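1. Sharing a model prediction with you, sequence too.
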There are 2 protein chains.
Amino acid sequence: MSKRFEICLAGSGGQGVITAAVMAGEAASIFCDNLYAVQTQSYGPAARGGSAKAEVVISDEPIDYPKPVAPDLMICLTGDAAAKYARDVKAGGRLVLDSFSVQEVPNVEANIYQLPLIETARNKVGNEIVTNMVALGMVARVLELEGVMQPEAMRKAMLDRVPKGTEELNKKAFEEGYNMFKDTPAHI
Amino acid sequence: MSKRFEICLAGSGGQGVITAAVMAGEAASIFCDNLYAVQTQSYGPAARGGSAKAEVVISDEPIDYPKPVAPDLMICLTGDAAAKYARDVKAGGRLVLDSFSVQEVPNVEANIYQLPLIETARNKVGNEIVTNMVALGMVARVLELEGVMQPEAMRKAMLDRVPKGTEELNKKAFEEGYNMFKDTPAHI
């Protein structure tokens, strides 16, 4: 049977969710031997200053329908994004909410993780701009737990696309995210 | 009636077609008041060292079907990409082929433009790495000719996403591409 895994990264414009999603798609398709990926972002006029959402579908078979049906993993970096998209998460899936930005925990039938992505980027790594790489490390950890993909592929895809000279900063953020995710939800 | 314009950028991995497509999508959705965009890339295990393809659909209405049906504009940066994808271009649409890389001109019912994108990036701008920005300038010019979008939106989206310190290089490449496109096809 084919294995399909859907990821949604949601935040505000400028938080780099598209970049992270592109990297996740490339990790699966370019740096793994047996996986297919489709990566999408769609936005309307409301995108300016509003919510940004990027999606990745990974499968071990060619992908017919390119949009996520119900994300297995959803990461929300702002309260707005959570209010708008969190409900889409698959029943029994994983919903990660940034603990600094998302005040209101949505009522969904999923494993909910409240984790300090933004705070970690800002204080532990030293630059809020790499919040998306903290999120990417978290995605890598979940894909590993699910048996979809080895995290090494994600590291390679990440280093392949970050601007020269910023590798260490991004790598540090990635590892913080990877290590932060323990599979013990705050709610279910 | 709604206006839908489909763009496909095809080349090899590392030529930056995804980056250019992301910028085109953001130009429409974030830097224009009235446009929607969906940007997609899909790839399989063959992506490694093979062809890369990125697509953008722009519309003045919310977009139901996110994948291009038949691109109005297709830009091919390699012979492989042309052999694989050129046939998808819409009948009567525009097919741009890099004149250095694409030796074989496909037999399609479209306006065909053989233009030196790679050579311009390499020799006139001074770095082949900005070939994708030459292509983006060309996309901006075509969208202007079609009355879809003002090129200023594309310039803003481009400058918003290039790494700090590379603005001038990328801008130069963009303007070269913009000015290179004269609407007189080599074949029809």
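-> That came through fine.

2. Regarding A:Glu6, what is its secondary structure?
-> strand (DSSP: H, G, I helix; E, B strand; the rest coil).

3. swap that for A:Glu104, please
-> coil.

4. Could you give the number of residues near the residue nearest to A:Glu128 when sequence neighbours are not counted?
-> Distances taken as Cβ to Cβ, 6 or more residues apart in numbering or on different chains put A:Arg122 closest to A:Glu128, at 4.4 Å, once the chain neighbours are dropped. Using the backbone N, CA and C atoms, a C-beta is placed for each residue, glycine as well. By other Cβ atoms under 10 Å in any protein chain shown, the residues close to A:Arg122 number 17.

5. likewise A:Asn107?
-> Around A:Asn107 there are 9 residues (other Cβ under 10 Å).

6. Against chain B, how distant is it?
-> Taking Cβ to the nearest Cβ, to the nearest Å as the measure, A:Asn107 falls 27 Å from chain B.

7. Next: A:Ala10.
-> In terms of Cβ to the nearest Cβ, A:Ala10 sits 15 Å off from chain B.

8. would that residue count as being in a helix?
-> No: with three-state DSSP as the criterion, A:Ala10 is strand rather than part of a helix.

9. List the contacts of it.
-> A:17, A:51-54, A:74-78, A:81-82, A:84-85 (Cβ atoms under 8 Å, 6 or more residues apart in numbering or on different chains).

10. so what's it closest to, chain neighbours aside?
-> A:Ala81 (3.7 Å).

11. do the same with A:Ala52
-> A:Gly13 is the one closest to A:Ala52 (Cβ to Cβ, 6+ apart), at 4.9 Å.

12. just to revisit the earlier point, what pLDDT is listed against the residue nearest to A:Glu128?
-> A:Arg122 is assigned 97 on the pLDDT scale.

13. Name the SS class of it, please.
-> helix.

14. helices and strands of chain A: which one bottoms out on pLDDT?
-> strand A:36-43 (a mean of 87; mean pLDDT, DSSP states H and E).

15. Please work out which residues outside that strand touch it.
-> A:18, A:21-22, A:24-26, A:28-29, A:52-63, A:66-67, B:22, B:25-26, B:29-30, B:36-45, B:63, B:66.

16. residue boundaries of the strands in chain A?
-> Using DSSP state E, the strands of chain A run over A:4-12, A:36-43, A:51-59, A:73-76, A:94-98, A:111-115.

17. so what strands line up beside the first one?
-> This means strand A:4-12. strand A:51-59 (antiparallel), strand A:73-76 (parallel) (DSSP bridges).

18. quick revisit: now the residue nearest to A:Ala10: how far from A:Leu115?
-> 15 Å (Cβ to Cβ, to the nearest Å).

19. just A:Lys53 next, same as before
-> For A:Lys53, the distance to A:Leu115 - Cβ to Cβ - is 19 Å.

20. quick check, distance from the least confident helix or strand of chain A to the centre of its chain.
-> Offset of strand A:36-43 from its chain centre (Cα atoms, centre = their mean, to the nearest Å): 13 Å.

21. Number of residues surrounding A:Gly165?
-> Neighbours of A:Gly165 (other Cβ under 10 Å): 9.
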